[in-house]
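Q: quick one, structure for this:
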Amino acid sequence: MLFNSYAFIFLFLPISLLGFFQLARIHQAYAAAWLALCSLFFYGYWNPAYVGLLLLSIGCNYVLGMWIAKADLRRKSLLIAAISANLLLLGYYKYANFFLGSVDALTGANWQMANIILPLGISFFTFTQIAFLVDTYQGKVREFNFVHYVLFVTYFPHLIAGPVLHHKDMMPQFAHAATYRINWLNVATGLLLFTLGLCKKTLGADELAPFATAIFNGVQHGMSSGLVPTIYEAWSGALAYTLQIYFDFSGYTDMALGIALMFNIRLPINFNSPYKSTSIIEFWRRWHITLSTFLRDYLYIPLGGNRHGKLRRYGNLFATMLLGGLWHGAGWTFVVWGALHGFYLTLNHLWREFIAEKYLRWIPNWLGTITGGALTFIAVVTAWVVFRADSMAQAMVMLQAMFGVHYRAISFDAVLHGNLLLLTDLSGRDLLKILLPSLLWVWLLPNSTRLRFVASNAFYTLLQLALLLTMLFIAIDHFGFYSPFLYFQF
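A: This next block holds a predicted model:
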């Protein structure tokens with residue numbers, strides 16, 4: 001079930017909200033159980049067969065967490081075994097076909113295996129539970145209410161595509177009495193965030209998607225027919241995908257935060273205008289914040305962090321980003337994407353330490369901000385090309401065109417009727433009309449989580465409601481085809 005669907009907006013969400021607050025009048029436990037059941041239904045709506053896998057994962061991790069909490073001896077061995085079991089489950093579903101395909105390509109072994117369907121959200125609910133196990137080992141977990149734990153893992157706003165949650169941040173909220181009393185200001189603010197996220201998805205990501213797909217598919221077609229993209233087409237396709245994935249994922253996150261707030265639950269902020277970053281270091285503090293935090297706390301620091309010298313530090317940083325890339329998908333393009341960001345971060349740290357802080361302090365802040373922002377954005381766009389490409393060969397054709405290796409001048413005709421765009425009957429002029437306002441949105445507008453519904457007086461409240469409902473109507477009116485979120489595939 002998608003957030004951007006009639007079934008969710010007009011049936012599932014209202015029924016879930018009504019049932020939650022009505023049952024809370026009888027007892028909080030009933031309301032929590034209702035929300036857990038709703039979350040399981042939400043997950044099972046896609047494929048009921050995988051609800052059993054989700055429940056098995058939840059049950060095993062809950063029992064393992066209790067054992068770890070109560071054990072005096074072998075606590076670390078239990079933790080290692082529990083984490084290994086989670087990673088083996090994730091590895092089987094997500095990487096088995098990739099591993100066998102890679103072995104076949106290298107050795108010609110021709111190992112056969114049935115095609116494995118990736119369960120939705122397995123990366124997110126696996127990482128969420130690994131965090132729970134580690135927090136339990138470190139003594140940070142205080143509550144083991146099973147219904148609350150099921151709700152913590154399955155809570156439908158975050159289950160499919162995050163954010164990655166921590167037990168200590170969520171469990172107190174499920175136990176708080178105020179959570180179970182309707183708060184109309186939270187409902188209104190939640191609806192505002194949900195509507196903004198829906199606008200990002202339907203008016204931003206879904207409008208950009210055909211152009212990004214057309215150009216990348218056009219490059220794939222051109223590789224066999226000798227058709228090389230122009231600089232304009234290559235950069236337009238790269239920017240279209242850069243903005244598509246931003247609006248798609250940040251839109252999902254805004255909707256998740258908004259839905260959760262309607263239930264008086266506050267999820268962690270996952271985006272903070274990442275394309276405004278002036279360095280790659282800053283970018284990873286703004287993009288997919290909960291995943292970056294998870295990788296730092298549960299991978300980079302256990303590897304040694306920066307505690308064993310600079311060379312080891314950069315090695316740990318590179319390894320963390322490499323595995324972060326592999327987490328996003330079972331393919332060499334994702335590995336290379338992670339390696340690129342590992343290289344970017346290493347270069348950024350070296351630049352700061354050995355050049356910027358010693359020789360460039362005289363540069364005005366405004367100049368450093370503009371230069372750093374431009375270079376960071378170009379680096380991010382370059383990496384997104386690899387991330388989006390179906391193969392490294394396709395990515396190289398795009399990158400060569402972008403950076404003028406096979407230079408073709410930008411002509412007015414190429415802007416209006418680029419060869420790759422003609423393959424799918426799309427107009428370059430129409431693409432520009434979407435790209436320019438989209439870039440202005442991500443660079444100039446404030447982060448959506450700063451926005452609040454303010455009930456200061458009756459007129460202002462009604463005006464806000466009217467604008468909100470108008471935006472919601474426009475976003476819903478753009479529903480036209482099945483449009484899953486990009487991060488569902490990761």
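
Q: got the CA positions of stretch 309-316 in CSV?
A: What follows is stretch 309-316, C-alpha atoms only, in CSV (Å, rounded to 0.1, in the frame of the first residue of the first chain):
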residue,chain,number,x,y,z
GLY,A,309,45.7,7.0,13.5
LYS,A,310,44.8,9.0,10.3
LEU,A,311,45.4,6.2,7.8
ARG,A,312,43.2,3.8,9.7
ARG,A,313,40.6,6.5,10.1
TYR,A,314,40.3,7.0,6.3
GLY,A,315,40.3,3.3,5.7
ASN,A,316,37.4,2.9,8.2
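
Q: how about that stretch: buried residues?
A: For stretch 309-316, a neighbour-count test (16 or more other C-beta atoms under 10 Å) marks Arg313, Tyr314, Gly315, Asn316 as buried. The way it works is simple: take the backbone N, C-alpha and C, and place the C-beta from them, glycine included.

Q: residues contacting the second one?
A: By C-beta atoms under 8 Å, 6 or more residues apart in numbering, the contact set of Tyr314 is Thr346, His349, Leu350.

Q: what's the ChimeraX syntax to select whichever of the residues you listed are buried?
A: Restricted to buried positions by 16+ other C-beta under 10 Å, the ChimeraX selection for the contacts of Tyr314 reads:
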select :346,349
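
Q: quick one: mark the members of the contacts of Tyr314 that sit in helices.
A: Among the contacts of Tyr314, DSSP state H puts Thr346, His349, Leu350 in helices.

Q: make a markdown table out of these and add distance to Arg429.
A: As requested, the ones in helices among the contacts of Tyr314 are arranged in a markdown table below (distance: C-beta to C-beta, whole Å):
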| residue | distance to Arg429 |
| --- | --- |
| Thr346 | 41 |
| His349 | 42 |
| Leu350 | 43 |
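
Q: of all those residues, which comes closest to Gly139?
A: Comparing those against Gly139 with C-beta to C-beta picks out His349 as the nearest, at 32.3 Å.

Q: the closest one contacts Trp284, doesn't it?
A: No - if you go by C-beta atoms under 8 Å, His349 and Trp284 don't touch, sitting 11.8 Å apart.

Q: would you list the buried residues of stretch 309-316 in JSON lines and tack on secondary structure, distance to Gly139 and pLDDT?
A: Output for the buried residues of stretch 309-316, formatted as JSON lines (DSSP: H, G, I helix; E, B strand; the rest coil; distance: C-beta to C-beta, whole Å; pLDDT from 0 to 100):
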{"residue": "Arg313", "secondary structure": "helix", "distance to Gly139": "28", "pLDDT": "89"}
{"residue": "Tyr314", "secondary structure": "helix", "distance to Gly139": "32", "pLDDT": "91"}
{"residue": "Gly315", "secondary structure": "helix", "distance to Gly139": "30", "pLDDT": "92"}
{"residue": "Asn316", "secondary structure": "helix", "distance to Gly139": "25", "pLDDT": "92"}
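
Q: which of the three states applies to Pro163?
A: The assignment at Pro163 comes out as coil when based on DSSP: H, G, I helix; E, B strand; the rest coil.

Q: tally up the residues packed near it, please.
A: Using other C-beta atoms under 10 Å, Pro163 is surrounded by 25 other residues.

Q: how about the strands in the stretch 101-250 of the chain?
A: Here the stretch 101-250 of the chain has no strands by DSSP state E, counting those that start in this stretch.

Q: can you give me the helices in it?
A: For the stretch 101-250 of the chain, applying DSSP state H, counting those that start in this stretch gives helices covering 122-137, 146-154, 156-159, 167-175, 184-199, 206-225, 231-262.

Q: any chance of those helices in CSV, plus mean neighbour count?
A: Formatted as CSV, the helices of the stretch 101-250 of the chain follow (neighbours: other C-beta atoms under 10 Å):
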stretch, mean neighbour count
helix 122-137, 23
helix 146-154, 22
helix 156-159, 26
helix 167-175, 18
helix 184-199, 21
helix 206-225, 19
helix 231-262, 25
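
Q: for those helices, which one sits closest to Asp390?
A: Closest approach to Asp390 among the helices of the stretch 101-250 of the chain (C-beta to C-beta): helix 206-225, 6.4 Å.

Q: just the CA trace of that closest one, in PDB.
A: Extracted in PDB, the C-alpha atoms of helix 206-225 (Å, rounded to 0.1, in the frame of the first residue of the first chain):
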ATOM      1  CA  ASP A 206       6.700  11.700 -10.700                       C
ATOM      2  CA  GLU A 207       7.000  14.600 -13.100                       C
ATOM      3  CA  LEU A 208      10.800  14.300 -13.400                       C
ATOM      4  CA  ALA A 209      10.800  10.500 -13.600                       C
ATOM      5  CA  PRO A 210       9.900  10.100 -17.300                       C
ATOM      6  CA  PHE A 211      12.700  12.400 -18.300                       C
ATOM      7  CA  ALA A 212      15.300  10.700 -16.200                       C
ATOM      8  CA  THR A 213      14.100   7.300 -17.500                       C
ATOM      9  CA  ALA A 214      14.000   8.500 -21.100                       C
ATOM     10  CA  ILE A 215      17.600   9.800 -21.100                       C
ATOM     11  CA  PHE A 216      19.100   6.800 -19.200                       C
ATOM     12  CA  ASN A 217      17.200   4.400 -21.400                       C
ATOM     13  CA  GLY A 218      18.200   6.500 -24.500                       C
ATOM     14  CA  VAL A 219      21.900   6.100 -23.500                       C
ATOM     15  CA  GLN A 220      21.400   2.400 -23.200                       C
ATOM     16  CA  HIS A 221      19.800   2.300 -26.700                       C
ATOM     17  CA  GLY A 222      22.600   4.600 -28.100                       C
ATOM     18  CA  MET A 223      25.300   2.300 -26.800                       C
ATOM     19  CA  SER A 224      24.200  -0.300 -29.500                       C
ATOM     20  CA  SER A 225      23.400   2.200 -32.200                       C
END
